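J.: Next come a sequence and a model predicted from it.
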Amino acid sequence: MSRTPIEKPKSVYFFGTCLVDLFYPEAGVAGIELIKREGVEVIFPQAQSCCGQPAFNSGQRDKARDVARAQLDLFTKDIPVVLPSGSCAGMMFKHYPELFEGDVDYNKACALANRVYELSDFLLNVLKIKLTDKGEPMRVTWHGSCHSQREMGVRSQPKDLINQLENVELVELKRETECCGFGGTFAVRQPEISAAMVSDKADDVEATQAQKLVSGDCGCMMNITGHLDYRKSDVQGLHLAEFLWERTNDPR
Amino acid sequence: MTLVNGKDFKGRVHKALKDEELRANFRRAMDGLMGKRAMQFTDGDEWTRLRNLGESIKKRALSKLPELLERLEENCTKNGIKVHWARTVDEANSIILEILKSHDVKTVVKGKSMVSEEMELNHFLGDHGIRALEADLGEYIVQMAGQMPSHIVMPAIHMNKGQIAKLFQDNLPDTPYSEDAAELTAIARKELRREFMEAGAGLSGVNFAVAETGTLCLVENEGNGRMVTTVPPVHIAVTGIEKVVENLSDVPALLSLLTRSATGQPITTYFNMISSPRKEGEKDGPKEVHLVLLDNGRSKVYRDTETRDTLQCIRCGACMNHCPVYTRIGGHAYGGVYPGPIGKILTPQLEGLDEYPEHASASTLCNACVEVCPVKIPIAKMLVRLRDENSGNCPHGEHPLKGRGAKSSTIENAGWSGWAAMNASPATYKVATTAMSRIGNLLPQSAPMLKEWTSVRVKPKFAKKTLHQMAKEMGLKDE
Amino acid sequence: MNKIAKQEILDNLRNASPSKGDFVTDNSVIYDKKWTQEQKIERFCQVTSAVNTQIKQTTLHDAQRDLIDLLTEKGVRHLMQGSPSPIAKEITDNWTAMDTGVKLRSFDQKIEACKEELFSVDASLTTTLGAIAETGSLILWPTREEPRLLSLVPPIHVALVYEDRFFNTFLEAIEQEQWTTHMPTNALLISGPSKTSDIEQELCYGVHGPKELVVMIIRNN
Ligand code: SF4
């Protein structure tokens, strides 16, 4: 994404996303800790909920707009809004302006969109984070989400972060950029196609012989690990933030 | 017998997914095509500039479409090409039948034309006693098998050598079983040479129709396109009205984008530019050239400036080559003439959402197609628009599409209203999420949506505490 | 019916709201593709060799000898050329006087009268208008003398191109030669022998057109 690079800010907003909120709060906490450790204050507006994407992608644009509108007044300071999800970041960054076209809140929506960052991109390119690995040797593989790649331009950032970890061997996934078959409601509207896709993805994951599958989006993670667990695979899935935090924090 | 049908999408998907051979054929082919395309666009800057150019050329052409069509007709006519206008498939078919009858044509040899598939022309002519023979190797195979193309550039991509060998053995006299591609190709060459010589007319599609000079451009590798447009005494070209471009100088950029995106070739073997029938003193070429301009719903797609972008398509097929859904289910599952991402947005617009109700939902919106489309059609955005049209309860855009509300469901709408009410109000959100983290895991596996989800996945586990709660405990500022 | 159909289609299109934006065409990405004379020839050879085109570099003086060698090597019995061939003087003059074993034929009748013959010769010889470096393509504008099928039907096609007729790009050829003012019945770009990969993506040459394409580049000395 071609956005003017910004200086390291004093504080940021954290938008947790609804999936993290309900299913993977540790990923959110880890993301927050990583930012805080770099000396940046994290603000978490308690009134936040969901970016609106599930409805937006399901032909329910009006409802998506209602939910998105409820977020617009929560992040008004001119500081970055960081999301531990490329997909929700893409929703705000790319689709809010479109969703509010011709609406009274159009300017607000654009202002928010412009300050949105995906977590790994923010850690690497804004905070210029340097990670010191404290974990045991380990083999992992990375799954990049479609929206982080194609809507947020997040391609190498997460892998650059993982590669900073001395004891971690990153094995590239075959067809790394191919969709895992989640697609929000796609997984339940077209369950058979989705199942075929996630099963192929799990095959590729297992073929890497990695111990962990790291991902930056909880939608993909819920899908892939949900299936890995279903087939009783040994590979464990976890969010990038959690993985990075686990390996670099001082055990208290 | 009609092969085109949007209903029972899921039934066909089910069948395709179970067909291991088909799955393997597509996976192998798509991997190959993606690799070849990538080799063509290693210079990111050139790719960006070239596709911006391609997009601007198509957008400019569409912005003056009616004017360009008239100019095309005028210049073609001046050159001696007869131009026909058809609102519908039926009209186009009758025009062609009339021409063929007036020359007493028994056999027409065909170059590759997706528009003629749209018209189900072979079938129509067959009913009127005229034999239409496909001459593109892939189309020849597919026709022999009584199927439709499963890909707009590689019609027989769903088949492997063994299947083709068997088909030739069963259908062609004195043909032993051979899985050698070169041998199979040689068989087709021999069979078709005589047909070219004897056919009463040739039929082709058009890749670009140049208004400025009245020129019809055809892109191909095999030479069958040149054969059908040169050997028989009559040549009929059919095209959708969106294929017109303004100037001859618009063609090189589009040609480069087309062949490199489609098959990863810098150019195809033949680029054939036809501007007139045989002139006085010339020794070959057809004595008559006809151009049939087909609308078939395109002018409706054109009405709305948002859906208009669909008509930028140059039919390169890159979107399907890169589509993870197409790769899994293949072309036939779509049940329309145009499969893959372009088919998902074009077919429901041409034929109606009610005829193709599942198309818009059969995508993860992964944007792989958007990333490679050489003329930058916002396919994902269009799919979202079609989903809005399908649900029917949040109209936008300038014109409703045919079949708006095809998937409208009161239960679903109510569900989304509940979802919106919960997520738009912080207080309700808090109560609801806290409750879910307490009791969400008690939901039975048979609950709506969970049933589909758990067919191949474990049930997602609600965390004991929400991030909201944890953030508060961490003492994060709430402002 | 045609009139009504036309009117209705155009009316539909005209009633639509206009497209937004102005669509400036910036061809600079194509104009940026520039090579020197020798680089153009080199690039042409490289790109077209990759699709199985055979290249022979020769001079006008040696062209006849080289051509005969080539045809003999390929076992060609009948070579068909245009009538009158625009290059007869230089290359095929005194053909019969040379004891070549390759019979020279001319495309001197209308196709209706010589279909069988055309479909039975095993090689053809044509001129070209030039060649394109970027894509490794030959430019042919068939004429009364050198008809369209000469470069399509025989299994081997030998094409001559002069060294000073190399263009950087297709666009350059169109613009420099002002194509739009005099488009011929048929203009062609030919980039290699006929091919297909319709069967399992496996490349096979010579489906409906020539199985072999030989380009003879005529050097000035
Ligand atoms: S939509 Fe784009 S990628 Fe797909 S066939 Fe058309 S031009 Fe090619």
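T.: Looks like it came in fine. Residues are numbered from 1 along each chain as shown, chains lettered A, B, ... in the order given.

J.: Now the closest residue to chain C within chain B: closest residue in space, sequence neighbours ignored.
T.: For chain B, the residue closest to chain C is B:G223, as judged by C-beta to the nearest C-beta, at 2.7 Å. Any C-beta I mention is one placed from the backbone N, CA and C, and that applies to glycine too. Closest residue in space to B:G223, ignoring its immediate chain neighbours: C:G209 at 2.7 Å, by C-beta to C-beta, 6 or more residues apart in numbering or on different chains.

J.: quick one, helices of chain C?
T.: C:2-14, C:28-31, C:37-49, C:60-73, C:111-118, C:170-176 (DSSP state H).

J.: contacting residues around the closest residue to chain B within chain C?
T.: Residue of chain C nearest chain B, by C-beta to the nearest C-beta: C:G209 (2.7 Å). By C-beta atoms under 8 Å, 6 or more residues apart in numbering or on different chains, the residues touching C:G209 are B:222-223, B:226-227, B:269-270, C:152-153, C:157, C:193-194.

J.: Quick check: it vs B:T268, distance?
T.: In this view, C:G209 and B:T268 are 12 Å apart by C-beta to C-beta, to the nearest Å.

J.: coming back round to it: and the residue of chain C closest to chain B, how far from C:L150?
T.: Distance from C:G209 to C:L150, by C-beta to C-beta: 12 Å.

J.: quick one, strands of chain A?
T.: For chain A, strands defined by DSSP state E occupy the ranges A:11-14, A:41-43, A:81-83, A:116-118, A:138-143, A:168-171, A:212-215, A:236-239.

J.: Could you check how far the fourth one is from the centre of its chain?
T.: Average the C-alpha atoms of strand A:116-118, do the same for its chain, and the two points are 9 Å apart (C-alpha atoms, centre = their mean, to the nearest Å).

J.: Which strands border that strand, and is each parallel or antiparallel?
T.: The pairing partners recorded for strand A:116-118 under DSSP bridges are strand A:81-83 (parallel).

J.: Number of residues surrounding the nearest residue to C:I190 once chain neighbours are set aside?
T.: Spatially, and ignoring its direct neighbours in sequence, C:I190 is nearest to C:L138 (4.6 Å; C-beta to C-beta, 6+ apart). A count of nearby residues for C:L138, using other C-beta atoms under 10 Å in any protein chain shown, gives 27.

J.: isn't C:L138 right next to C:V215, touching?
T.: Yes. In terms of C-beta atoms under 8 Å, C:L138 counts as a neighbour of C:V215; the distance is 6.7 Å.

J.: can you list residues touching both of the two?
T.: By C-beta under 8 Å, 6+ apart, C:L138 and C:V215 have these common neighbours: C:131, C:159, C:161.

J.: OK, contacts around the second one?
T.: Right, the one you point to is C:A159. If you count contacts by C-beta under 8 Å, 6+ apart, then C:A159 has C:125-128, C:138, C:140, C:151, C:190, C:213-216 around it.

J.: Please apply the same query to the last one.
T.: Listed by C-beta under 8 Å, 6+ apart, the contact partners of C:V161 are C:128, C:130-131, C:138, C:215-218.

J.: what pairs with it across the strands?
T.: Here C:V161, judged by DSSP bridges, has bridge partners C:I217.

J.: Leaving out chain neighbours, which residue sits closest to B:P266?
T.: Using C-beta to C-beta, 6+ apart, the closest residue to B:P266 is C:T135 (4.8 Å).

J.: so who does the one you found touch?
T.: Contacts of C:T135 (C-beta under 8 Å, 6+ apart): B:256, B:266-267, C:47, C:169-170, C:189, C:191.

J.: Same list, those, but as a markdown table with pLDDT, neighbour count and distance to B:S116 please.
T.: As requested, those are exported to a markdown table (pLDDT from 0 to 100; neighbours: other C-beta atoms under 10 Å in any protein chain shown; distance: C-beta to C-beta, whole Å):
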| residue | pLDDT | neighbour count | distance to B:S116 |
| --- | --- | --- | --- |
| B:S256 | 98 | 25 | 26 |
| B:P266 | 97 | 17 | 28 |
| B:I267 | 98 | 27 | 24 |
| C:V47 | 98 | 20 | 32 |
| C:T169 | 98 | 23 | 32 |
| C:F170 | 98 | 23 | 28 |
| C:L189 | 98 | 24 | 24 |
| C:S191 | 98 | 26 | 26 |
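
J.: For C:L71, see how far away the residue nearest to B:T434 when sequence neighbours are not counted is.
T.: Spatially, and ignoring its direct neighbours in sequence, B:T434 is nearest to B:T466 (6.7 Å; C-beta to C-beta, 6+ apart). Separation of B:T466 from C:L71 (C-beta to C-beta): 83 Å.

J.: wouldn't B:S391 be in contact with B:S408 here?
T.: Yes. With contact defined as C-beta under 8 Å, B:S391 and B:S408 form a contacting pair (5.9 Å).

J.: neighbour count winner among these two?
T.: Counting neighbours by other C-beta under 10 Å for B:S391 and for B:S408 shows that B:S391 has the greater number, 26 against 14.

J.: give the contact list for the residue nearest to the more buried one when sequence neighbours are not counted.
T.: Spatially, and ignoring its direct neighbours in sequence, B:S391 is nearest to A:G59 (3.6 Å; C-beta to C-beta, 6+ apart). Shown in contact with A:G59 (C-beta under 8 Å, 6+ apart): B:360, B:384, B:387-391, B:394, B:407.

J.: hang on, the earlier thing: tabulate the strands of chain A (TSV), appending mean pLDDT, mean neighbour count and distance to C:D11.
T.: Output for the strands of chain A, formatted as TSV (pLDDT from 0 to 100; neighbours: other C-beta atoms under 10 Å in any protein chain shown; distance: least, C-beta to C-beta, whole Å):
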stretch	mean pLDDT	mean neighbour count	distance to C:D11
strand A:11-14	98	22	53
strand A:41-43	98	17	58
strand A:81-83	98	28	49
strand A:116-118	97	26	45
strand A:138-143	98	20	52
strand A:168-171	98	17	60
strand A:212-215	98	24	53
strand A:236-239	96	20	57
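
J.: Got the phi and psi for B:S417?
T.: When read as degrees, to the nearest 10, the backbone of B:S417 gives phi -60, psi -40.

J.: list the contacts for it?
T.: A:K63.

J.: pLDDT value on it, please?
T.: On the pLDDT scale, B:S417 is placed at 94.

J.: Show me which residues of chain B sit near the ligand.
T.: B:313-319, B:341-342, B:373-375, B:377 (C-beta under 6 Å from any ligand atom).

J.: Pairing partners for residue 215 in the sheet, please.
T.: No chain was given, so I picked chain A. Here A:S215, judged by DSSP bridges, has bridge partners A:H143, A:H239.

J.: Can you look at chain B instead?
T.: Beta-bridge partners for B:T215, by DSSP bridges, are B:V210.
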